[in-house]
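>>> please work out how this folds:
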Amino acid sequence: MFSRKWLLLATLIAVVTAVPDLDEIKRNIKKHGADYYTKQNAKYDENTVRLLKVDYWFRTESMIYDELNSKEKAPSTVIAGNFSFETLHHDVEGGMLGRFSLTQCNTGNCGEPSPIYMAFRQGGNNVEHVFKSSDDSDATWNFLYAIANTIYTPAEYGEGDEQTVDTIYGRCKVNFGRPEDKRFRRIIDKCDLGYGANFTKFDGLETVAYDQDVWYTQNTKVDADIIMIDAVEMLAFRSSLHEKHGFQVESRTHVEITNRTRVFVHRYCNDSVPAHSCAEQAFGAVRVGGKLYENVKIGGAQPNKLTKLIGTYRRHLNEMGDSHICEKHSLLYGQIVQEARLARREDWEAAIRYPENDHVLSIIASSLGSVGTVESLATAREVLLQQSPDHLDDLLFGIAQSSSKNEKWHKQLMYWLGTLNRDSEDYWKLANTIATVLNKRCEATTSSLNSCNKGKEAIVNKFINDLTATGVTVQVLEVLENIPVIGAYDIAKKYLCGQEALEIQKAALNVILAVDKNLYETQLTHKLIRLFRNTCSQQTPTSHSQLAIDILLKCVPDHQNVATLILRTESLNPDDQEKWNYLYKAIESSGERDELKAEFWSRMRKFKVFRPNFLHRALQADSHVHWQEIADASGFRLFSTATAEFLHKSFKRSNFELSLKRGKKDHNLFSLSIDTEHLDQFITGSTSHSRSGAPEGSVRIGITGHKLPTKHIFKGSTDLLSTVWDADGRTHKAFEGNVPLRDVRFSLPLLSGLTVNVNSVGAISLRVLASAEVSLWNQRSNAKAEAYTSGSLYLTASLQHDTQQVRYIESTVTALSAFSTDTRAIFESLPYDFCLKTSNSNVEISQKTVIEEASHKKKTYNRKRVEPGVTYRLDDSTIRQCNNYLEQFRM
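Below is the predicted model:
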């Protein structure tokens, strides 16, 4: 009996002492966490794993506005709620699988996003695989993907804190650092948005800036959890051409932890299974991409509007007439080219074969050529050229202006060239175009240019070898002028100062003049000096000496001995006054263009032996070089260079170039070369200073770096007289074409969960009209050339949430102007008198902004300004000629 009482008492004492009191419970929870007693009673086995579930509160805000002054009034879109993050698996390679799920929406606009799964690398949070739930039919960008993109970095694991890598936005610079304890910072900026889809012919037309700045606050006491995130994101499109052009998008994201729970569950996958495989095996998740989110739908689908835009262009021409040119020409052409890149073959066939499109086939052909794909080339050859072979020139001009870098397309162009007869005109037209296309391939990057200039670009080498396989002619060298790389240079310099035909030597000099000066070497400069001094085995014409001067002056001051070799040839009795007058004008012109060269020639002239003398002012010659700056605005410098050669007081040749410069890079906008042979003999009857021959005249036009094939105006005396008789003052269309300047189309996902769709296009439309009137009775002539130019930049941006448009901004900048030259001459006696006037009409600049709200309410802002026209300053030689011309009317 006693023993039973003792046993009962012992049991009671044991129970009482086994249960801790309230203070002890509080101490254990404070020390070990809220799940301390759960862990004590948990049943562990080898398949049990500890995972985490973390709850967060979030708020995102996004807005788009046209300019900073409008930011305060711009509406914003807010998404707020709660989401949870769960760890699901750890593998032995350091990989981890997590799941993001919406748990609550506080703003009512979150939608019903399915959970997403992320496989990432621990330690650096480097995203490797992205998955959607198996029941999610279409993975569309939403705030869950945005939150995951905010947390995980696209940088490569173990490659450092600062990297330039591919991201969902494009190729960007990613910087991840730890500026202070418990806080980390990720910056993404300096992006090539759209992976090369952001095409601009001239840098600075439209500036694009994207950057994001994300701050993470970490709890260093418990598993290094992220307890707070603040992210700011900005996308801006602006243009220096007009301060009101463009838009800006801003988004802000704030995330805070609300709860953290440890859970103990049976492991979903063995730790030897990689995280991405576990997502598929255990959860049935479907992969939608890696760090680029390749199969996640971003932005709404946009229908192709090619047919509609061609119809708009056609109706505009019907209303305004073919001779009309306005800002709509370039605006519509830019939009057509952008839509052309996504058009199907059946769309092209319908447009080409539609009878009412006959008078806009030139636009269709040019835009089809600019696409630059194997499919577009096949459509052009099999449909366009079969339906309308007369539009080959328009097609080739479009190909030459294309921004495509498609290597397969380059090869197909070569195959097409191989099918043509070398003696046909079409062969040389296509070869001339391919040369420009391959030159763009070389100039695409510094690496590709080095490869071309070291002879390592196989397709470029094959093109040049095929072109010169049967010998080098004037036609071959004219084609090589469009691809001035080392291969063309090596061929051209073989034909200097030798026994070759003078026509080939002249064409070779033009090729070398087009080549980059960094390829010039001492052997070349010595040959050019001999040409300048007329000491080659055959007599050097003045034209060749002047071309040699142009090349030699490019060498200065890199080849300083060139200046010495030139100046040592000076004498008080010059062998050719036209040549020396051209030299002095060229030196003066190069100094006006480049201050470094002006300083160099000034230092050279300070040497006693090279001091200027009376000869410089006493030359009786008209050949000259004239450079002048036309405009300097918005970071762009526009300038012209005009050269002219006279022989026996009659015109021999001229070259006019209009160039654009931004920073250190020059862009040729327009060039016009007029060349004659033996014209002085026809006028004066003298052959004492030149070889005899039939008069010839030719013209070559260049548009944005692409020189068109040479056009012959007359060949022979009969042809010349026929040309003179036909000069009755009628206006002829010398050239008409369109050049794409800008082509951008992409959808950008924001860290707020919204997306922004951006379209930007730009183009120039150019029409050159020429007229000439010659009166043999009055011995008077009047020639006029007018270049009408229309340019435009068109930009649209649409902020979208769940494929619905939140706000839309459209911005357009257009410019319209005309450039003209008027030459009048009296040829009663030699030397005949003439006067040239060059002018630019008023430049009309317009800017238009349209803002459309979600309610479809629109606001339109129109701005316009006019820059006054100007008549350009003439060089001294032309002023003297004009004075002589005007004297005839004072008598």
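>>> need the contact partners of the longest helix along the chain.
Taking DSSP state H as the criterion, the chain has its longest helix at helix 425-443. For helix 425-443, the external contacting residues (Cβ atoms under 8 Å, 6 or more residues apart in numbering) are 392-393, 396-397, 399-400, 402-403, 405, 410, 413-414, 416-417, 420-421, 448-449, 451-453, 457, 459-460, 463, 467, 475, 478-485, 705-709. The way it works is simple: take the backbone N, C-alpha and C, and place the C-beta from them, glycine included.
>>> so which of those belong to helices?
Checking those against DSSP H, those in helices are 392-393, 396-397, 399-400, 410, 413-414, 416-417, 448-449, 451-453, 459-460, 463, 467, 475, 478-480.
>>> what about the residue positioned nearest the centre of the chain, distance to Ser817?
Taking Cα atoms, centre = their mean, the centroid of the chain lies closest to Thr200, which sits 2.3 Å from it. Distance of Thr200 to Ser817, given as Cβ to Cβ, to the nearest Å: 21 Å.
>>> residue contacts, Asp393?
Contacts for Asp393 were tallied using Cβ under 8 Å, 6+ apart; they are Lys429.
>>> my error: substitute Gly591 in the last question.
For Gly591, the contacting residues are Lys597, Ala598, Trp601, Ser602, taking Cβ under 8 Å, 6+ apart as the criterion.
>>> report the buried members of these.
Of all those considered here, the ones buried according to neighbour count by 16 or more other Cβ atoms under 10 Å are Lys597, Trp601.
>>> returning to that earlier point: which of the contacts of helix 425-443 count as buried?
A residue is treated as buried here by neighbour count (16+ other Cβ under 10 Å); on that basis the buried members of those are 392-393, 396-397, 399-400, 402-403, 405, 410, 413-414, 416-417, 448-449, 451-453, 457, 459-460, 463, 467, 475, 478-485, 705-709.
>>> partner strands of the one helix or strand Ala80 maps to, with direction?
Assessed by DSSP states H and E, Ala80 sits inside strand 76-90. Sheet pairing for strand 76-90, assigned by DSSP bridges, gives strand 48-65 (antiparallel), strand 95-105 (antiparallel).
>>> redo those strands as a markdown table? Include mean pLDDT.
Written out in a markdown table, the entries for those read as follows (pLDDT from 0 to 100):
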| stretch | mean pLDDT |
| --- | --- |
| strand 48-65 | 93 |
| strand 95-105 | 94 |
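>>> closest one to Arg171 among these?
strand 48-65 (24.2 Å; Cβ to Cβ).
>>> one step back: angle of the longest helix of the chain against helix 392-400?
Using axes from the mean of the first three to the mean of the last three Cα atoms, to 10 degrees, the direction of helix 425-443 lies 10 degrees away from that of helix 392-400.
>>> so how many other residues sit close to the closest residue to Ser877 other than its chain neighbours?
Leaving aside its sequence neighbours, Ser877 sits nearest to His624 (Cβ to Cβ, 6 or more residues apart in numbering; 4.4 Å). His624 has 23 neighbouring residues, counting by other Cβ atoms under 10 Å.
>>> report the contact partners of His624.
For His624, counting by Cβ under 8 Å, 6+ apart, the contacting residues are Asn581, Tyr582, Lys585, Thr643, Ala644, Asp875, Asp876, Ser877, Thr878.
>>> now, of those residues, which are buried?
Asn581, Tyr582, Lys585, Thr643, Ala644, Asp875, Ser877, Thr878.
>>> how about the second one, what does it touch?
It stands for Tyr582. Contacts of Tyr582 (Cβ under 8 Å, 6+ apart): Gln546, Ile549, Ala621, Ser623, His624, Val625, Thr643, Glu645.
>>> go on, the fifth one?
In this structure, Ala644 makes contact with Asp622, Ser623, His624, Phe651, Arg653, Ser654, Asn655, Ser877, judged by Cβ under 8 Å, 6+ apart.
>>> that older thread, for the residue nearest to the centre of the chain, which non-adjacent residue is closest in space?
What sits nearest to Thr200 in space, not counting adjacent residues and going by Cβ to Cβ, 6+ apart, is Arg742, at 5.5 Å.
>>> who does the helix or strand that that neighbour is a member of touch, helix- and strand-wise?
Secondary structure assigned from DSSP H and E places Arg742 in strand 728-749. Using 3 or more Cβ pairs under 8 Å, 6 or more residues apart in numbering; DSSP states H and E as the contact criterion, the secondary-structure elements in contact with strand 728-749 are helix 143-151, strand 183-193, strand 199-200, helix 327-340, helix 361-371, strand 696-703, strand 755-775, strand 780-801.
>>> excluding residues flanking it in the chain, which one is nearest Ala854?
Val806 (5.5 Å).
>>> ok, that neighbour - how many residues close by?
Other residues within reach of Val806, judged by other Cβ under 10 Å, total 20.
>>> give the bridge partners for Ile809, please.
Note on Ile809: beta-bridge partners by DSSP bridges are Ala797, Ile851.
>>> ok, it touching Val850?
Yes: counting by Cβ atoms under 8 Å, Ile809 touches Val850, with 7.3 Å between them.
>>> and these two? Which one has more around it.
Neighbours were counted for Ile809 and for Val850 using other Cβ under 10 Å; Ile809 has more, 24 against 16.
>>> how near is the more buried one to Val756?
As for Ile809, its distance to Val756 is 10 Å (criterion: Cβ to Cβ).
>>> what residues go with each domain of this protein?
The chain is divided into the following domains under the TED database: 303-404, 634-726.
>>> turn those domains into JSON lines, including mean pLDDT and distance to Gly94.
As requested, these are arranged in JSON lines below (pLDDT from 0 to 100; distance: least, Cβ to Cβ, whole Å):
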{"stretch": "domain 303-404", "mean pLDDT": "92", "distance to Gly94": "42"}
{"stretch": "domain 634-726", "mean pLDDT": "85", "distance to Gly94": "46"}
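>>> tell me which of those domains is the most buried.
Between the domains of the chain, domain 303-404 has the highest mean count of neighbours, a mean of 19, where neighbours are mean count of other Cβ atoms under 10 Å.
>>> alright, that wraps it up for me.
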